[in-house]
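**Student:** Pasting the sequence and the predicted coordinates here, then a few questions.
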Amino acid sequence: MDSAGNRHKVVTLSDPATRMFALTRIIAVIEEQDGLNGLIEAGITPEMAERLRAMSMGDAYRFVLGHCGLAIAVDAGEMGAQITRLERQKGDRELLEYMVRNGASPRLLTQLFSMGPDHARRLRKMLAPHIAAGGRPRVPDEDERDQILATWKELCGELDCVRTRFRRLHERFNGLLICSLEGVVLHRPVVAA
């Protein structure tokens with residue numbers, strides 16, 4: 001357990017190449033003086049640190065061929081949290097791309113994603129040049145507007161995420177651009193952006 005109370009599992013390094021990498025990282029820490037206190041807390045004395053630093057490459061290789069005390073600490077909780085963050089970021093990127101390719105307006109993109117209007121326009125030009133070129137998107141008729149609003153109301157009850165609501169709405173009305181759907185549900189006039 002570390003000072004923050006996190007549980008770590010120590011895993012022995014059995015592969016000499018991995019041990020060599022770990023040893024070179026330890027020597028780099030010694031050389032740079034960054035984290036030297038952490039090494040001292042791990043039981044490496046200043047004398048041992050100097051002996052490690054002074055090893056030739058051949059000596060270092062022979063050192064890692066045997067059981068040399070190098071292992072890694074695995075914090076499964078932190079690893080799981082990082083995997084979750086990466087998956088969320090990937091999902092956000094995929095959703096952004098979907099929204100751009102399917103005609104979300106720059107205004108909607110800036111509201112739903114952390115970006116400025118110039119960045120939103122550049123994305124549209126790069127990912128959906130046929131949409132970015134302009135032109136008035138199709139405006140749904142009254143019956144279709146009523147269906148869109150009813151579906152939006154249903155989605156609002158099911159989903160908290162506005163981004164996901166717009167994607168699901170577009171999946172149900174994929175004959176329309178997202179900017180047309182946006183105009184209906186947000187009561188905005190549909191304009192070419």
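**Tutor:** On my side now, so go ahead. These figures come from a predicted structure and were not determined experimentally. Numbers count the residues shown, from 1 in each chain.

**Student:** Could you use CA atoms for every contact and neighbour count after this?
**Tutor:** Fine.

**Student:** Walk me through the domains of the protein.
**Tutor:** 9-74, 80-185 (automatic domain parsing).

**Student:** Worst mean pLDDT among these?
**Tutor:** With a mean of 88, domain 9-74 has the lowest mean pLDDT of the domains of the chain.

**Student:** need the next SSE after the helix or strand where Met99 lies, C-terminal direction.
**Tutor:** According to DSSP states H and E, Met99 maps onto helix 76-101. Next along the chain after helix 76-101, taking DSSP H and E as the criterion, comes helix 106-112.

**Student:** the helices in the protein, which residues?
**Tutor:** With DSSP state H applied, the chain shows helices at 16-32, 36-41, 46-53, 57-65, 76-101, 106-112, 117-127, 129-132, 142-158, 162-172, 178-185, listed in chain order.

**Student:** among the ones you listed, which is nearest Lys9?
**Tutor:** Closest to Lys9 of the helices of the chain, according to CA to CA: helix 76-101, at 8.1 Å.

**Student:** Tabulate the domains of the chain in JSON lines, adding columns for mean neighbour count.
**Tutor:** JSON lines is the format used below for the domains of the chain (neighbours: other CA atoms under 10 Å):
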{"stretch": "domain 9-74", "mean neighbour count": "14"}
{"stretch": "domain 80-185", "mean neighbour count": "16"}
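
**Student:** Format the helices of the chain as a markdown table; extra columns: distance to Arg7.
**Tutor:** Below are the helices of the chain laid out as a markdown table (distance: least, CA to CA, whole Å):
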| stretch | distance to Arg7 |
| --- | --- |
| helix 16-32 | 21 |
| helix 36-41 | 17 |
| helix 46-53 | 27 |
| helix 57-65 | 27 |
| helix 76-101 | 8 |
| helix 106-112 | 37 |
| helix 117-127 | 42 |
| helix 129-132 | 50 |
| helix 142-158 | 37 |
| helix 162-172 | 36 |
| helix 178-185 | 47 |
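
**Student:** And the ones you listed: which comes nearest Val10?
**Tutor:** Of all those, helix 76-101 comes closest under CA to CA, at 11.0 Å.

**Student:** Just want the angle from the closest one to helix 117-127.
**Tutor:** Put simply, helix 76-101 runs at 80 degrees to helix 117-127, going by axes from the mean of the first three to the mean of the last three CA atoms, to 10 degrees.

**Student:** what helices or strands is helix 76-101 leaning on?
**Tutor:** helix 106-112, helix 117-127, helix 162-172 (3 or more CA pairs under 8 Å, 6 or more residues apart in numbering; DSSP states H and E).

**Student:** how about 7 Å then?
**Tutor:** helix 117-127 (3 or more CA pairs under 7 Å, 6 or more residues apart in numbering; DSSP states H and E).

**Student:** For stretch 66-85, which outside residues touch it?
**Tutor:** Arg7, His8, Lys9, Val10, Val11, Thr12, Leu13, Arg19 (CA atoms under 7 Å, 6 or more residues apart in numbering).

**Student:** Alright, that wraps it up for me.
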